[in-house]
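**Q** Sharing a sequence plus its predicted fold:
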Amino acid sequence: MPARNWGGRGWTFWQWTATGSVAGIVGDVDRDRFNGSTLQRGRIASFTVAPPLGGAITGPRISCGGAAAECSRLANPDATITLTATPGPGATLLRWTGTCAASGTSPTCDVTMLGSRSASAVFGYPVEVERPGTGDGIVTSVPSRVDCGTTCAAAFPVGSTVTLTATPDAASAFTGWDGSCAGTDPVCSFTVSAPWHGTATFPSIVSVEQDGAGTRFRWGRAVQAVALGGSYRWERRAGATTSFAFSGGSVSVFTVRGPAMGRGRISIDGSPVATLDGYAPTPRSVRHRFTELGPGSHTLTLEVLGTRRNAATGTRVTVDALRWGGTTKTDPTPSASTWAPVANGAAGGGTYAISEVRDAIASLTFQGTGVSVRVRRGPAMGRASVWVDGSLVKVVDLYRSSSPFALVRLAAGLVDGSHTVRVQVLGTHRAASAGNGVAIDRWIVS
């Protein structure tokens, strides 16, 4: 039959049945028909289902997904095909697509056949996050369906990539994932292929300034034959101090003089009593005696001034030995010491402490399961050893071409209880560095 105004291509009609009937007509009537202005009702309809991941789609002469591959068929125009989406074990139906998109999450979809039709379904597996620990933080996802604290579980399409990011709050730390994301990297990515369950642990933390409760410093040591005990303690930067408790009316402090020695100040019970000039052309031990102090307990403090006479090659201030009560104590244990303070607006509390003297020590005694330290890196920084409860755990290199602050994890996963961490200056550095500095800003305890 000619097709007017349709490019001369003509129409093709398929015979529906040869045994129809029409009221008022005796005998069989062919029921070929064309009704309307569209040619779609004049050809056999086709239906294609895209094989879904994580489930199957079934219907009359359709069984598509998994091992089944009957995913297309023909149909009469205007026929209705009902599809059913069946998730695999542990999966859920997230949505229909194509011709069935309007059915949303309904398990069935009715398709009226006309022309070419196509559909599929998106199945998903649940992703669940737990947040154990004494602290708090959030876990967010890309795509953005998980926002835990508030929403800690969501379904994601099978085969999609999910990226989770753990962010502790200001009073907490993130110490790691378990399962397939095991590790301490706060960013975790995986492909959804089954139900996923993970934990992001947020222990509470305590921020301790470099001179806060539980902290201790000690000056470095140098071997020197003229020293009474064969070595002396020393620092060179202005503001570093070391103090010793003693009792009785008199005390002697022994220092080592030499070509690299500078000036220091001695105070007793907070009052300055002497300014020392440690320079000498050749090394030798010198005694400084202070009397008429009165009975009872006293504290002697030695402070580095950071200055020197012109002939000196350095600003070292030394402590060799102390004598009181008739006993000389070589390498005496200080009641308190400090490294040199350096003012910096980006540092916690406005200052950080620094030393580059071999065997200088910064330590913290804390209660918890882990500890980190905020340090100043830079082009003149060197190496330090890290000791936890008396055992060497690592060596850190603090060199950087720029001078950022950075958080360095020292220990994690300890038994909850009392521990002591010690950072000890090694007095060495990589070839690119201009110095051996180790700078402590604050401690972070979890």
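**A** Thanks, I have it. Numbering: from 1, shown residues only.
**Q** just the helices in the stretch 1-150 of the chain please.
**A** According to DSSP state H, counting those that start in this stretch, the stretch 1-150 of the chain carries no segments that qualify as helices.
**Q** where does it have low pLDDT?
**A** 1-18, 31-42 (pLDDT under 70).
**Q** which residues touch the residue positioned nearest the centre of the chain?
**A** Most central in the chain under CA atoms, centre = their mean is Pro186, positioned 4.4 Å from the mean C-alpha point. Contacts for Pro186 (CB atoms under 8 Å, 6 or more residues apart in numbering) come out as 165-167, 174. To be clear about C-beta, it is placed using only N, CA and C from the backbone, and glycine gets the same treatment.
**Q** Val49 too?
**A** Shown in contact with Val49 (CB under 8 Å, 6+ apart): 57, 62, 64, 71-72, 83, 118-120.
**Q** now, among the residues you listed, which is nearest to Trp196?
**A** Ser120 (23.1 Å; CB to CB).
**Q** Identify the bridge partners of the closest one.
**A** Residues in a beta bridge with Ser120, per DSSP bridges, are Thr97.
**Q** unless I'm mixing things up, it is touching Ile57, no?
**A** Yes: with contact defined as CB atoms under 8 Å, Ser120 reaches Ile57; the gap is 7.1 Å.
**Q** Just the buried subset of the contacts of Val49, written out for PyMOL, thanks.
**A** In PyMOL, this line selects whichever of those come out buried by 16 or more other CB atoms under 10 Å:
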select buried, resi 57+62+64+71+83+118+119+120
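**Q** Gly382: which of the contacts of Val49 is nearest?
**A** Closest approach between the contacts of Val49 and Gly382, by CB to CB: Ser120, at 61.5 Å.
**Q** residues touching the closest one, list them.
**A** Here Ser120 is in contact with 49-52, 57, 96-98, 100 (CB under 8 Å, 6+ apart).
**Q** Show the buried residues in these.
**A** Buried residues within the contacts of Ser120, counting neighbours by 16+ other CB under 10 Å: 49, 52, 57, 96, 100.
**Q** out of these, who's nearest Gly229?
**A** Set against Gly229, the nearest of the buried ones among the contacts of Ser120 by CB to CB is Pro52 (79.8 Å).
**Q** Quickly note the distance from the closest one to Trp219.
**A** As judged by CB to CB, to the nearest Å, Pro52 and Trp219 stand 70 Å apart.
**Q** what's the answer for Ser204, then?
**A** For Ser204, the distance to Trp219 (CB to CB) stands at 34 Å.
**Q** Which of the two has more residues huddled nearby?
**A** Per other CB atoms under 10 Å, whichever of Ser204 and Trp219 has more neighbours is Trp219, with 27 against 16.
**Q** pretty sure the more buried one is touching Glu356, no?
**A** No: with contact defined as CB under 8 Å, Trp219 does not reach Glu356; the gap is 11.7 Å.
**Q** Quick check: Ile444 touching Glu209?
**A** No: using CB under 8 Å as the test, Ile444 is too far from Glu209 to be in contact (11.0 Å).
**Q** Look up how far Val22 lies from Ser180.
**A** To Val22, Ser180 is 67 Å away according to CB to CB.
**Q** same question, His429
**A** The value you get for His429 to Val22, if CB to CB is used, is 102 Å.
**Q** Kindly point out the strands partnered with the helix or strand containing Val162 and how each is oriented relative to it.
**A** Per DSSP states H and E: Val162 is located in strand 161-168. Its sheet considered, strand 161-168 pairs with strand 137-142 (antiparallel), strand 187-191 (antiparallel) by DSSP bridges.
**Q** Give me the distance from the first one to the chain's centre.
**A** What it means is strand 137-142. Its chain's C-alpha centre and that of strand 137-142 lie 13 Å apart, by CA atoms, centre = their mean, to the nearest Å.
**Q** Give me the contact list for that strand.
**A** 127, 129, 131, 146-149, 152, 154, 162-169, 172, 174, 200, 202.
**Q** same deal with stretch 209-217?
**A** Residues contacting stretch 209-217 (CB under 8 Å, 6+ apart): 208, 336-339, 348-349, 351-353, 355, 360-366, 440-443.
**Q** at 6 Å instead, please
**A** The list of residues contacting stretch 209-217 from outside it, by CB atoms under 6 Å, 6 or more residues apart in numbering, reads 337-339, 348-349, 353, 362-366, 440, 442.
**Q** Tell me where the stretch 301-446 of the chain has strands.
**A** Under the criterion DSSP state E, counting those that start in this stretch, strands of the stretch 301-446 of the chain are mapped to 317-319, 321-324, 327-330, 336-338, 340-343, 351-355, 361-368, 371-376, 383-388, 391-397, 405-411, 417-425, 438-445.
**Q** Relative to Arg237, which of the ones you listed is closest?
**A** Nearest of the strands of the stretch 301-446 of the chain (CB to CB): strand 340-343, 3.2 Å.
**Q** Could you list the paired strands of that closest one along with their orientation?
**A** strand 351-355 (antiparallel).
**Q** pLDDT averaged over the partner strand - what is it?
**A** Averaged across strand 351-355, pLDDT comes to 96.
**Q** Run the chain-centre distance for that strand.
**A** Centre to centre, stretch against its chain (CA atoms, centre = their mean), the figure for strand 351-355 is 25 Å.
**Q** Run through who's touching that strand.
**A** By CB under 6 Å, 6+ apart, strand 351-355 touches 210, 339-343, 376, 425, 437, 439-441.
**Q** try 8 Å this time
**A** Contacts with strand 351-355, where a contact means CB under 8 Å, 6+ apart, come from 210-211, 217, 219-220, 235, 237, 240, 338-344, 362, 376, 425, 437-441.
**Q** Filter those down to the buried ones, PyMOL style.
**A** To isolate the buried ones among the contacts of strand 351-355 in PyMOL, judged by 16+ other CB under 10 Å, type:
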select buried, resi 210+211+217+219+220+235+237+240+338+339+340+341+342+344+362+376+425+437+438+439+440+441
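**Q** In stretch 84-94, which residues are buried?
**A** Under 16+ other CB under 10 Å, the buried positions of stretch 84-94 are 85-88, 91-94.
**Q** Determine how far the last residue of it lies from the first.
**A** The first and final residues of stretch 84-94 sit 13 Å from each other (CA to CA, to the nearest Å).
**Q** Also stretch 166-175?
**A** Here the two ends of stretch 166-175 are set 10 Å apart, with distance taken as CA to CA.
**Q** Only the buried residues of that stretch, if you could.
**A** Buried positions in stretch 166-175, judged by neighbour count with 16+ other CB under 10 Å: 166, 168, 172-175.
**Q** Also stretch 60-67?
**A** Across stretch 60-67, burial judged by 16+ other CB under 10 Å covers 62-65.
**Q** I would like the residues contacting it, please.
**A** The contact list for stretch 60-67, computed with CB under 8 Å, 6+ apart, reads 47, 49-52, 55-58, 70-71, 73, 81-83, 86, 88.
**Q** Which of those residues fall in strands?
**A** 47, 49, 55-58, 70, 73, 81-83, 86 (DSSP state E).
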